[in-house]
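With the sequence up front, the predicted model follows.
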Amino acid sequence: MSDFPEYVDVDYAAGEGEHAEDYPTLEDKIERAVEVVRTGLEEYDHPAVMWTGGKDSTLTLYVVKEVVEQFDYELPPTVFIDHYQHFDELLGFVDRWADEWGLEVIFARNTDVGDYVDAHDLDPGDDISVDALSEHNRHHVRNILEYDEETFPFLLDTYVGNHLLKTVALNDTLEAAGIDGIISGIRWDEQEARADETFFSPRHDPDIYPPHDRIQPILQFDEADVWDAFWFYVVPETVPAFPDDGYVPQAYDDLPNDLDHEDVPVSPKYFAGFRSLGSEISTEKSDEEPAWLQDLEDTTERAGRAQDKEDLMERLRDLGYM
């Protein structure tokens with residue numbers, strides 16, 4: 001095991017055994033998120049924010065921005081994993097709000113895989129030859145994943161595809177940028193494999209990933225809390241023309257004061273009925289209603305995602321997946 005930098009002094013047990021219900025109000029949840037972010041910005045020399053353009057990471061980014069502005073910290077960079085299979089609307093969303101908020105965006109890409117895809121003009125689902133990849137990627141496929149097939153499909157939501165396109169891309173970026181703490185927007189309720197996470201989660205085994213910590217300030221939010229935070233905090237405080245006391249859109253085009261989708265920091269895919277934004281190829285909308293109007297209590301948030309990856313989540317997380 002690696003000796004993680006001695007300057008980091010955090011309580012790795014913080015949040016252990018807790019649940020969303022332990023934070024009964026939205027204000028309680030936000031207050032805890034602020035505390036976690038403040039600690040993260042103070043304890044780590046080179047923190048960064050994991051930003052996917054989805055609701056959870058955008059809420060996390062909002063909390064970070066608020067803490068930075070209120071307490072005069074330096075705004076950390078964001079890390080965006082480009083896995084080559086994003087919705088076009090999501091990429092446009094990231095470009096739009098990175099510019100609006102003055103963000104430094106570090107794009108994490110497995111360019112070895114991406115270059116192979118471009119050179120062979122592959123479509124999602126086409127096969128990639130393992131032997132054609134770099135030694136680094138072959139090591140991950142053969143020695144870490146213990147995958148012995150000659151090819152694997154160019155798909156994000158599979159065992160090999162997810163690991164190479166997301167985890168390897170992220171870990172290589174963390175190492176190259178010297179990031180010691182990555183602020184992540186995962187939640188206890190969104191996936192069983194994340195239910196036991198703590199607010200500061202160590203990733204110190206150098207045989208698996210560059211030693212770092214995961215800083216996780218919104219564990220205590222459930223899906224409905226996230227949307228309440230958006231419509232009563234994030235959007236009103238980000239968009240001057242939005243009602244100060246909040247407003248919950250009731251349909252795809254229901255925005256007040258002649259606002260359009262590009263005016264609010266909420267991906268239009270959520271307005272269209274998607275509850276989770278994975279890849280364009282393997283994620284489907286959950287309903288025709290906007291995400292926040294759907295049955296959030298009795299249905300599964302990630303049901304629209306390819307289930308082979310969902311079934312492998314515990315193993316993938318052991319290898320460094322978020």
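Structure's in. What do you need?

In three-state terms, how would residue 107 be classified?
Using DSSP: H, G, I helix; E, B strand; the rest coil, the secondary structure recorded for residue 107 is strand.

Quick check: closest non-adjacent residue to it.
With CB to CB, 6 or more residues apart in numbering as the criterion, residue 107 has its nearest non-adjacent residue at 5.1 Å, and that residue is residue 82. Every residue, glycine included, has its C-beta placed from N, CA and C.

how close does that neighbour sit to residue 140?
Using CB to CB, to the nearest Å, we find residue 82 at a distance of 18 Å from residue 140.

More neighbours: the two, which one.
Summary of the neighbour comparison: residue 82 and residue 140, criterion other CB atoms under 10 Å, with residue 140 having more neighbours (21 against 18).

Who are the contact partners of the more buried one?
Residue 140 makes contact with 163-164, 168 under the criterion CB atoms under 8 Å, 6 or more residues apart in numbering.

which among those gets closest to residue 297?
residue 163 (32.5 Å; CB to CB).

I figured that closest one was touching residue 139, is that so?
No. With contact defined as CB atoms under 8 Å, residue 163 does not count as touching residue 139 (11.7 Å).

okay, the two: which has more neighbours?
Using other CB under 10 Å as the criterion, residue 163 and residue 139 rank with residue 163 on top: 26 against 13.

how long is stretch 235-243 from one end to the other?
Distances were taken as CA to CA, to the nearest Å; on that basis the terminal residues of stretch 235-243 are 9 Å apart.

Please disregard the earlier target; I meant stretch 164-181.
From the first residue to the last, stretch 164-181 extends over 21 Å; the measure is CA to CA.

what does stretch 164-175 give?
Stretch 164-175 has its terminal residues 15 Å apart, counting by CA to CA.

quick one: contacts of that stretch?
Contacts to stretch 164-175, defined as CB under 8 Å, 6+ apart, come from residues 48, 50, 79, 81-85, 106, 108-110, 113, 136-137, 140-141, 156, 179, 182, 209-210, 212, 316, 319-322.

in that stretch, what's buried?
164-174 (16 or more other CB atoms under 10 Å).

again with stretch 196-205
Burial within stretch 196-205, assessed by neighbour count using 16+ other CB under 10 Å, is assigned to 197-201, 203.

Throw those into CSV and include pLDDT, secondary structure and distance to residue 28, thanks.
Output for the buried residues of stretch 196-205, formatted as CSV (pLDDT from 0 to 100; DSSP: H, G, I helix; E, B strand; the rest coil; distance: CB to CB, whole Å):
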residue, pLDDT, secondary structure, distance to residue 28
197, 95, coil, 19
198, 97, coil, 18
199, 98, coil, 14
200, 98, strand, 19
201, 96, strand, 21
203, 94, strand, 28
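
now, the most widely separated pair of those residues?
When CB to CB is used, the two most widely separated members of these are 199 and 203, lying 14.1 Å apart.

In the chain, what helix or strand scores lowest on average pLDDT?
Taking all helices and strands of the chain together, the one with the lowest average confidence (mean pLDDT, DSSP states H and E) is helix 307-311, at a mean of 51.

In space, what's closest to residue 232 - neighbours in sequence excluded?
Take residue 232 and drop its neighbours on the chain: the residue closest to it by CB to CB, 6+ apart is residue 246, 3.8 Å away.

Near the one you found, how many other residues are there?
14.

give the contact list for it.
Applying CB under 8 Å, 6+ apart, one finds that residue 246 lies in contact with 231-233, 235-236.

What is the nearest of those to residue 9?
Minimum separation from residue 9 among the contacts of residue 246 (CB to CB) is found for residue 233, which lies at 30.0 Å.
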